[in-house]
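S.K.: need a 3D model of the following:
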Amino acid sequence: AYGRLNLTIRSLEAAENNFNVALGLSEDQGDNLALFVALEGLANTYLAQQRPEEARPVIARMQDLAPTRLETAFLSARIAYLDSEWEIAEEFLQAIMSAAPDNRSAQMLLGVVHLRSGNLAQAEMYLSAVVAAAPDNFEARRRLAETRLLMDKMNEAQAALLPMLSRSGTDYRSLSLAAQASAGLGQFDAAIGYLEESLEQNPNNLNLKFQLATTYLNAGRDSDATRLLAEMDASDTAENEIRRESLMILTDIRSSDLNGALAKATAATQKWPQSAEVFQILGTVHAFRSEPDLARASYERALELAENNVGARRLIAQLETSEGNLQAAEEQYLAILEIQPDAPWAM
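M.R.: Numbering: from 1, shown residues only. Sure thing, here's the model as predicted:
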């Protein structure tokens, strides 16, 4: 009981000690019920501490001791989720839902599993049910908004986030999602406001800076985007360097400096020859320079590097459409729907 209290109030080190003591006592006394409770608490504590490898053998003991218990199924599903084994996680969670249809924890995780595996309609259904039953479950609201953004349901995403945005001290993740929804609806001033507030909370968050720079560009505030990108230190990873360089190239395109954009994009492909993203941005530069053959070659190179690159396929489809090659464009959209079956824009 003390371990559960400490787990609830996030005193995780104390909870771990409590459950280990309870585990030893239950083993000494041969009390299997107490043993199961201690194992469950310890597994949850390890997962709360982001120590899944230590949770695995504990959950394995639960499976041996009580394989049909709902707690065992739920923790097994959590491990499968961490391993991206979506079908296994869904199997455990559906077993829980069959026995306890109102189990909100299983419903929530099932929605997230469907979200991560790309089954967006199913994700929306389960997450909507959680929000309807527990309106103050803000994590469920965030996940629901994320799902609806991927489905291009911007108004519905805003509706999911609204109760959180009306409170003071809204967390930066919710503000970032609200910015995506607002930008998707063309409400760029609102989106920029959300992101600037979010950056005040997390001034070193590069993802937020990239999102704000992109929103500045979409809003036509090119000088603000250029300033933010120039100030940004993205040297921590090659991925962030590529993102920054790609946005800098887009600012050149927006300012009609196509020669400068081409020079930067060409240099980027030489620096990162295995990056699909840089070949995609090079193709975009060629498209703006009215060089369709070079644009297509760059997009196709991006696809060679990343076969499931939806962005490159979409750009090829748009290029084929502009040239009247409708069958070729259709083939690209069908390929996109193989990757993202719920993408309404591709439909």
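S.K.: where does the stretch 51-200 of the chain dip in pLDDT?
M.R.: Applying pLDDT under 70 to the stretch 51-200 of the chain picks out residues 168-169.
S.K.: what ranges do the helices span in it?
M.R.: Counting by DSSP state H, counting those that start in this stretch, the stretch 51-200 of the chain has helices at residues 52-65, 70-82, 86-99, 104-117, 120-133, 138-150, 154-165, 172-184, 188-201.
S.K.: in which helix or strand does the nearest residue to residue 326 once chain neighbours are set aside reside?
M.R.: In this structure, residue 326 finds its nearest non-sequential neighbour in residue 320, 7.4 Å apart by Cβ to Cβ, 6 or more residues apart in numbering. C-beta coordinates here come from the backbone N, C-alpha and C atoms, glycine included. If you go by DSSP states H and E, residue 320 is part of helix 310-322.
S.K.: what mean pLDDT does that helix get?
M.R.: Helix 310-322 shows a mean pLDDT of 94.
S.K.: begin at 441, not 1, for the rest of this chat.
M.R.: OK, 441 is where the count begins now, so the last one is helix 750-762.
S.K.: who touches it?
M.R.: Applying Cβ atoms under 8 Å, 6 or more residues apart in numbering, the contact partners of helix 750-762 are 716, 719-720, 723-724, 727, 732, 735-736, 739-740, 742-743, 746, 766, 768-769, 772-773, 775-776, 779-780, 783, 786.
S.K.: restricted to helices, list those.
M.R.: Among the contacts of helix 750-762, the members found in helices (DSSP state H) are 716, 719-720, 723-724, 727, 732, 735-736, 739-740, 742-743, 766, 768-769, 772-773, 775-776, 779.
S.K.: pull out the buried members of those residues.
M.R.: Buried members of those, counted by 16 or more other Cβ atoms under 10 Å: 716, 719-720, 723-724, 727, 735-736, 739, 742-743, 769, 772-773, 775-776.
S.K.: any idea which of those residues is closest to residue 561?
M.R.: residue 776 (16.9 Å; Cβ to Cβ).
S.K.: got a list of what the nearest residue to the closest one once chain neighbours are set aside touches?
M.R.: Nearest residue to residue 776, sequence neighbours excluded (Cβ to Cβ, 6+ apart): residue 786, at 4.5 Å. Contact analysis of residue 786 by Cβ under 8 Å, 6+ apart lists 754, 773, 776-777, 780.
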